[in-house]
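Participant: return atomic coordinates for the entry below.
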Amino acid sequence: MKSDRIARVAAYMKEQSLTQIVVTSTAAVYYLTGLWIEPHERMLALYLTEDGTATLFGNEIFGVESSKELPVIAHKDSDNPVADLAAVLRPGTLGVDKFWPSKFLIGLMQARPDITPVLGSAPIDTARRFKDAEEQDALRRASRINDQVVQAAIAAVCEGAVEIELAASINKTFMDHGADNSDGVQLVCFGANAADPHHAPDHSVIQPGDCVVFDIFTPIGRYWCDMTRTVFYKTVSEEQRQVYETVKAANLAGISAVAPGVPLREIDRAARSVIEQAGYGPYFTHRLGHGIGLECHEPPDVSAASDAVAKPGMVFSIEPGIYLPGKVGVRIEDLVMVTENGCEVLNRAPKDLMIVG
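Facilitator: Residues are numbered from 1 along each chain as shown. You can find the predicted model right below:
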């Protein structure tokens, strides 16, 4: 059990006037208990009260033993999965996290009509924004590995390269460096495909003059890395060069704006204004960044709509991009960790314009 983390969540519960919550996501349960459980279609629920008391409810197939520190109440496949949880809840408001399938929530509401469910993700989402020393070290290690993998990917760009094959080789390289799994689809985009920020790699073959976007990410020791680099194959046009240098300047401006007390929307504005002033504002079509940790995308957003403020321990991406339909796409992404005086950039792979092949 992670008692310090549970205490923080309990404190945030009190701020939200929540006396009880149900935490159901695999990552959040792991964050609080150290147990990584993939429930698939079965029910997993960690019940927390405002005094920091925790009880885990789940299927006996999970194989989790009960302890004094964490009581476990297990049910069988033939049981009503919500019955035991329903029996212990207090009447009134219950915070439920945003991940719980409706088939369980509806069953609970039917069993306990005296319960009023409300969205209860805020206490744990807020706690998870601030990475402790253990998490910071895990994120640094993951990004160091990502630096190595992206440079290997860039070195593999050659005549006849195919997007989907290069993406598969990146997954293999990640696994060779200790990644947790190879399930993710790495984003490898050639030429006009790169103008789609989330283009899924296909059988496109590289052509001279193509930009090549590598957006690569994976969990390593449960914590995610995420980085994007863009290079050019054989040649680079003046337009491509201008787009690249603009995105690089925006990336650096965003990083320079990161410091404790700075609203995240101002960090977005610092990067976005560089792109707007260069005349490419309509072609930067997404937020500047996202939080990262046990999940690749987690709160807070770094966007114009964000109400979050940078504080030490936060880790998020800075990833401006310009996407000219049918022509070129460029994105440069780094992860930054807010420190007491500014920020630490977790990625060290070069960002100067690179022509390969």
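Participant: on the three-state scheme, the closest residue to Leu85 other than its chain neighbours is what?
Facilitator: Setting aside the residues directly before and after it, Leu85 is nearest to Phe57 in space (Cβ to Cβ, 6 or more residues apart in numbering), at 4.8 Å. C-betas here are computed from N, CA, C, even on glycine. Secondary structure, DSSP: H, G, I helix; E, B strand; the rest coil: Phe57 is strand.
Participant: hey, what's Phe57 bridged with?
Facilitator: Here Phe57 sits in beta bridges with Ala45, Ile73, as judged by DSSP bridges.
Participant: any idea how far it is from Arg241?
Facilitator: Look at Phe57 and Arg241: by Cβ to Cβ, to the nearest Å, they are 57 Å apart.
Participant: Leu85 too?
Facilitator: Distance from Leu85 to Arg241, counting by Cβ to Cβ: 59 Å.
Participant: who has more neighbours, these two?
Facilitator: Higher neighbour count among Leu85 and Arg241: Leu85, with 24 against 13, using other Cβ atoms under 10 Å.
Participant: can I assume that one sits in a helix?
Facilitator: Yes - applying three-state DSSP, one finds Leu85 inside a helix.
Participant: what residues does it make contact with?
Facilitator: Residues in contact with Leu85 (Cβ atoms under 8 Å, 6 or more residues apart in numbering) are Val22, Ala45, Tyr47, Phe57, Ile73, Leu108.
Participant: now do Arg129
Facilitator: By Cβ under 8 Å, 6+ apart, Arg129 lies in contact with Gly291, Pro299, Pro300, Ala308, Lys311, Gly313, Met314.
Participant: repeat that with 10 Å
Facilitator: Applying Cβ atoms under 10 Å, 6 or more residues apart in numbering, one finds that Arg129 lies in contact with Gly291, Gly293, Glu298, Pro299, Pro300, Ala308, Lys311, Gly313, Met314, Val315, Phe316, Val338.
Participant: just the pLDDT for it.
Facilitator: Predicted confidence (pLDDT) at Arg129: the value is 98.
Participant: cool, the one 10 residues further on as well?
Facilitator: According to the predicted model, the pLDDT of Leu139 comes to 98.
Participant: what's it sitting at in phi/psi?
Facilitator: Dihedral pair for Leu139: phi -70, psi -40, per degrees, to the nearest 10.
Participant: these two touch, right, it and Trp224?
Facilitator: Yes - counting by Cβ atoms under 10 Å, Leu139 does reach Trp224; the two are 7.9 Å apart.
Participant: higher neighbour count, those two?
Facilitator: Taking neighbours as other Cβ under 10 Å, Leu139 and Trp224 compare with Trp224 leading, 26 against 23.
Participant: average pLDDT across the helix or strand encompassing the more buried one?
Facilitator: In this assignment (DSSP states H and E), Trp224 forms part of strand 223-233. Regarding strand 223-233, the rounded mean pLDDT is 98.
Participant: CA-only coordinates of that strand in PDB, if you can.
Facilitator: The C-alpha trace of strand 223-233 is given here as PDB (Å, rounded to 0.1, in the frame of the first residue of the first chain):
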ATOM      1  CA  TYR A 223       5.600   4.700 -16.500                       C
ATOM      2  CA  TRP A 224       5.300   6.100 -20.000                       C
ATOM      3  CA  CYS A 225       7.700   7.800 -22.300                       C
ATOM      4  CA  ASP A 226       6.400   9.900 -25.200                       C
ATOM      5  CA  MET A 227       8.500  11.900 -27.700                       C
ATOM      6  CA  THR A 228       8.200  13.100 -31.300                       C
ATOM      7  CA  ARG A 229      11.000  13.900 -33.800                       C
ATOM      8  CA  THR A 230      10.700  14.900 -37.400                       C
ATOM      9  CA  VAL A 231      13.400  14.400 -40.000                       C
ATOM     10  CA  PHE A 232      13.600  14.700 -43.800                       C
ATOM     11  CA  TYR A 233      14.600  12.000 -46.300                       C
END
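Participant: which parts of the helix or strand following it are buried?
Facilitator: Toward the C-terminus, strand 223-233 is succeeded by helix 238-256 as the next helix or strand (DSSP H and E). Going by neighbour count (16 or more other Cβ atoms under 10 Å), the buried part of helix 238-256 is 240, 243-244, 246-255.
Participant: now swap in stretch 202-213 and tell me
Facilitator: Quick answer for stretch 202-213 (16+ other Cβ under 10 Å): Ser204, Ile206, Asp210, Cys211, Val212, Val213.
Participant: what's the nearest residue to Leu187 if we skip its chain neighbours?
Facilitator: Distances taken as Cβ to Cβ, 6+ apart put Asp215 closest to Leu187, at 3.7 Å, once the chain neighbours are dropped.
Participant: Pro219: which of the contacts of Leu85 is nearest?
Facilitator: Nearest to Pro219, judged by Cβ to Cβ, of the contacts of Leu85 is Ala45 at 23.0 Å.
Participant: could you double-check that that closest one lies in contact with Val96?
Facilitator: Yes - counting by Cβ under 10 Å, Ala45 does reach Val96; the two are 9.1 Å apart.
Participant: which residue ranges form the strands in the stretch 101-250 of the chain?
Facilitator: Along the stretch 101-250 of the chain, the segments classed as strands by DSSP state E, counting those that start in this stretch run 115-119, 187-190, 211-220, 223-233.
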